[in-house]
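Asks: sequence and predicted structure below; questions after.
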Amino acid sequence: MLKLAVLISGGGSNLKALIEATKEPDFPAEVVCVGADTAAPGLAHAAAAQIPSFVVRPADFATRADWGEALAAAIRDHDVDLVVSAGLMRILPAGFVGEFSPRLINTHPALLPLFPGAHAVRDALAAGATETGVTVHIIDEGVDTGPVLRQAVVAVREGEAEDELHERIKQEERPLLIDTVRAIADGTLDLAAVAAAHH
């Protein structure tokens with residue numbers, strides 16, 4: 001059974017989808033802890049499922065590195081196999097990435113390497129893209145530069161607003177994340193091999 005730590009900053013829709021997936025008897029992973037960088041509303045999903053959670057606020061630490069170390073320490077307590085950044089709106093410090101990568105994955109609302117960064121949906125619209133989508137990738141030291149694991153394409157509708165497009169991307173993101181976690185858990189997807197091939 002693959003043990004997951006899930007990191008969030010907001011409503012936790014991906015977290016909720018993962019928790020629901022783990023209730024299926026044949027799903028080969030479980031969420032053992034949930035971490036946030038703020039009092040995120042999504043922590044309610046962890047509480048409802050009786051999953052331990054913790055909040056490690058960057059503002060409580062002198063440096064980003066100290067924050068990353070505290071976050072890593074909180075995760076270490078749970079003997080985790082895979083860390084899933086599911087809507088964590090912060091760049092993870094190098095020390096944290098160094099400890100957990102390649103067993104550290106993220107979802108990104110674009111077809112990487114196109115449109116990295118915090119405004120991927122807006123950027124795709126501004127560029128006049130006719131399609132975008134979602135990527136699940138390994139987090140490395142760069143911003144959205146890690147090896148791609150899975151992608152799903154979402155067509156951009158004419159005149160679509162950013163929030164409408166983002167919502168449609170999220171509809172694809174949840175099943176893609178669940179499928180990726182399942183593939184990692186059952187060994188179909190070898191994170192170390194993917195990471196090695198990327199370098």
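Replies: In hand now; what should we look at?
Asks: contacts only, for residue 37.
Replies: Residues in contact with residue 37 (C-beta atoms under 8 Å, 6 or more residues apart in numbering) are 7, 9, 55, 56, 57, 58, 71, 88, 89, 90. For the C-beta atoms, the positions are set from N, CA and C on the backbone; glycine is no exception.
Asks: the second one: neighbour count?
Replies: Looking back up the chat, that one is residue 9. Number of residues near residue 9 (other C-beta atoms under 10 Å) recorded here: 17.
Asks: go ahead and confirm it touches residue 89.
Replies: Yes: using C-beta atoms under 8 Å, residue 9 is in contact with residue 89, at 4.1 Å.
Asks: from residue 42, how far off is residue 179?
Replies: 21 Å (C-beta to C-beta, to the nearest Å).
Asks: between these two, which one's more packed in?
Replies: residue 42 (21 against 17).
Asks: which residue packs closest to the more buried one, ignoring adjacent ones?
Replies: Spatial nearest neighbour of residue 42, chain neighbours left out: residue 12 (2.0 Å); criterion: C-beta to C-beta, 6 or more residues apart in numbering.
Asks: what about the helices in this structure?
Replies: All helices of the chain, identified by DSSP state H, fall at 13-22, 43-48, 64-76, 94-100, 120-126, 162-185, 191-198.
Asks: from these, which stretch is densest packed?
Replies: helix 13-22 (a mean of 21; mean count of other C-beta atoms under 10 Å).
Asks: average model confidence for that helix?
Replies: Mean pLDDT, helix 13-22: 96.
Asks: now the angle from it to helix 162-185?
Replies: 40 degrees (axes from the mean of the first three to the mean of the last three C-alpha atoms, to 10 degrees).
Asks: now do helix 13-22: which elements does it pack against?
Replies: Contacts defined by 3 or more C-beta pairs under 8 Å, 6 or more residues apart in numbering; DSSP states H and E place helix 13-22 against strand 2-8, strand 29-36, helix 43-48, helix 162-185.
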